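>>> got a predicted structure plus its sequence, pasted below:
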Amino acid sequence: MGQVPVEKTDILNKIESGIPLRYAIVGSGKLARHLKHYFLIKKLPLQLWSRNSNPDFNTRLKNDHLNKFDRLRETIKSVDIVCLALSDGSLEGFYNFNKQILEDKFVVHFSGALTIPDVYSAHPLMSFGNKLYDKATYESIPFITEKTHYPLSKVFPLLPNPSFAIDSALKPLYHSYCVLAGNMSTILWQEVFERFGTNLKLPKEVLIPYLLQIYRNLIEDPKEALTGPLQRNDLDTIHRNLVALNDDSLQQVYESFVSFKAKQLKEKSSLSHTQDNKNENT
């Protein structure tokens, strides 16, 4: 393993000592936009760089007559922490390609699935839409870090966000749960909103109270939040639903949930039966 550059050693000492740090954000997507807004709200010293020429995400513009790599070097020259707000698909490639430029900086990425050697990981457990959020919302976002890394409060001492550390090996599993809960449920709601309008001629607004109550039920009592035919194991209603969805691609989605719920009930029944047998033998 190579020797740590003197400049990076100084940064690590700053992190350990709680000395104020200077930051740069690399990227221009939704995450970069939200991080920029949050960091500025919290008055973090901030530089910005992106591949494109959008002035909102570049402290130094291309009219500096620098190529994008020299522009990156100049942008991060005076910072301590470089935050790579990039997609998973480009994150490792960007880091490896620019490793020489980044080697004397403390580099952070925000991927929930990836672990990159020598790069600090802090995944914000939040959905980032087109609209920016208020200060309280940003401050409430939990960050998931890796157990072998510094706590979030060391790397971002001005951010009061809650943080939790997990083993690096669990990150892919953690992220798959996030995708299931957030992305896939969103796709399902998007499809239902569209079909209410197209097939039923009903506005999406009629679904909002239902959606909000589902959300409240999940928050207040997640184990008892499920209602409807799957919760009651109402096979007649489930059959009628599937017949109604006969020409709809959502039929397969419905069937997969029915199958999953049936398997879940079978496993619970088997576990209960095993426990009863144990009790009888004691």
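Happy to help now that I have it. Small disclaimer: the values here were computed from a predicted structure and weren't measured.

>>> can you give me the strands for the protein?
Assigned by DSSP state E, the chain shows strands spanning 23-26, 46-49, 81-84, 106-109, 120-124, 143-146, 163-166.

>>> low pLDDT regions in the stretch 1-150 of the chain?
For the stretch 1-150 of the chain, applying pLDDT under 70 flags the ranges 1-3, 62-64.

>>> for it, just list every one of the helices.
6-17, 30-41, 68-76, 88-97, 99-102, 135-140 (DSSP state H, counting those that start in this stretch).

>>> helices or strands next to the fourth one in the packing?
So that's helix 88-97. strand 81-84, strand 106-109 (3 or more C-beta pairs under 8 Å, 6 or more residues apart in numbering; DSSP states H and E). Glycine gets a C-beta too; all of them are placed from N, C-alpha and C.

>>> give me that answer again for 7 Å
strand 81-84 (3 or more C-beta pairs under 7 Å, 6 or more residues apart in numbering; DSSP states H and E).

>>> kindly report the domain assignment for this structure.
6-166, 173-272 (automatic domain parsing).

>>> tabulate those domains (CSV), appending mean neighbour count.
CSV is the format used below for these (neighbours: other C-beta atoms under 10 Å):
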stretch, mean neighbour count
domain 6-166, 16
domain 173-272, 12
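
>>> circling back: which of the helices of the stretch 1-150 of the chain sits closest to residue 147?
Nearest of those to residue 147, taken as C-beta to C-beta: helix 6-17 at 16.9 Å.

>>> show residues contacting the closest one.
21, 80, 104-106, 150, 154-155 (C-beta atoms under 7 Å, 6 or more residues apart in numbering).

>>> switch the cut-off to 8 Å
Counting contacts by C-beta atoms under 8 Å, 6 or more residues apart in numbering, the residues outside helix 6-17 that touch it are 4, 19-21, 80-81, 103-106, 150, 154-155.

>>> contact partners of stretch 229-249?
195, 228, 251, 254-255, 257-258, 261, 265.

>>> start to end distance for that stretch?
20 Å (C-alpha to C-alpha, to the nearest Å).

>>> want to throw the contacts of stretch 229-249 into TSV with distance to residue 137?
Converted to TSV, the contacts of stretch 229-249 look like this (distance: C-beta to C-beta, whole Å):
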residue	distance to residue 137
195	31
228	31
251	37
254	34
255	37
257	31
258	36
261	33
265	38
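
>>> let me have the residues you listed in JSON lines, adding pLDDT and distance to residue 31 as columns.
Output for the contacts of stretch 229-249, formatted as JSON lines (pLDDT from 0 to 100; distance: C-beta to C-beta, whole Å):
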{"residue": "195", "pLDDT": "98", "distance to residue 31": "31"}
{"residue": "228", "pLDDT": "96", "distance to residue 31": "35"}
{"residue": "251", "pLDDT": "98", "distance to residue 31": "35"}
{"residue": "254", "pLDDT": "98", "distance to residue 31": "33"}
{"residue": "255", "pLDDT": "98", "distance to residue 31": "35"}
{"residue": "257", "pLDDT": "96", "distance to residue 31": "30"}
{"residue": "258", "pLDDT": "96", "distance to residue 31": "36"}
{"residue": "261", "pLDDT": "93", "distance to residue 31": "34"}
{"residue": "265", "pLDDT": "84", "distance to residue 31": "39"}
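
>>> among those residues, which are in helices?
195, 251, 254-255, 257-258, 261, 265 (DSSP state H).

>>> now distance to residue 239 too, for those, in JSON lines please.
Converted to JSON lines, these look like this (distance: C-beta to C-beta, whole Å):
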{"residue": "195", "distance to residue 239": "20"}
{"residue": "251", "distance to residue 239": "12"}
{"residue": "254", "distance to residue 239": "11"}
{"residue": "255", "distance to residue 239": "11"}
{"residue": "257", "distance to residue 239": "14"}
{"residue": "258", "distance to residue 239": "10"}
{"residue": "261", "distance to residue 239": "14"}
{"residue": "265", "distance to residue 239": "17"}
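
>>> for this structure, which residue is closest to the average position?
residue 125 (4.5 Å; C-alpha atoms, centre = their mean).

>>> pretty sure it contacts residue 161?
No. Shown here, residue 125 and residue 161 do not form a contact pair, counting by C-beta atoms under 8 Å, at 9.9 Å.
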